[in-house]
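Peer 1: Just need the structure, nothing else, for what follows:
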Amino acid sequence: MGYSDDDSMVRVDFFKPSGKWYCTEAVKWTGAWEDKIDSIHNAFSKSLRDHLKDGRLSDMDAICLEPYHQYSHPISLKRGAWAKEG
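Peer 2: Sure, this is the predicted structure:
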């Protein structure tokens, strides 16, 4: 189940490098849904880049407990690793 009426909307929590919670955002999952096309980590990274185009929060850790992915499991990306494509 998604974070809103749209199943592809997911909750993402952002944490400072110290581990202190900073904010929560509703992010549209724009990465691939199927693992065949892309890994869940790459799909999460793409979704964050598309949502945070201005580089906002790029120095934070991002955590999503319920990704919109075929093989969904809690996922985290450290200190803006999602901000760089590739």
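Peer 1: Doesn't Asp50 belong to a helix?
Peer 2: Yes. Asp50 sits within a helix when classified using DSSP: H, G, I helix; E, B strand; the rest coil.
Peer 1: thinking it is in contact with Thr30, fair?
Peer 2: Yes. Here Asp50 reaches Thr30: they are 4.6 Å apart, a contact under C-beta atoms under 8 Å. The way it works is simple: take the backbone N, C-alpha and C, and place the C-beta from them, glycine included.
Peer 1: Centre of the chain to the least confident helix or strand in the chain by mean pLDDT, how far?
Peer 2: The helix or strand of the chain with the poorest confidence is helix 40-51; it has a mean of 90 (mean pLDDT, DSSP states H and E). Counting by C-alpha atoms, centre = their mean, to the nearest Å, helix 40-51 is centred 5 Å from the centre of its parent chain.
Peer 1: Next: stretch 27-47.
Peer 2: 9 Å.
Peer 1: cool, stretch 7-16 as well?
Peer 2: Distance, centroid of stretch 7-16 to centroid of chain: 6 Å (C-alpha atoms, centre = their mean).
Peer 1: Mean confidence (pLDDT) on it, please.
Peer 2: Regarding stretch 7-16, the rounded mean pLDDT is 93.
Peer 1: State the distance from Phe15 to Tyr22.
Peer 2: In this view, Phe15 and Tyr22 are 6 Å apart by C-beta to C-beta, to the nearest Å.
Peer 1: With neighbour numbers in mind, choose between those two.
Peer 2: More neighbours surround Phe15 than the other of Phe15 and Tyr22, with 17 against 13 (other C-beta atoms under 10 Å).
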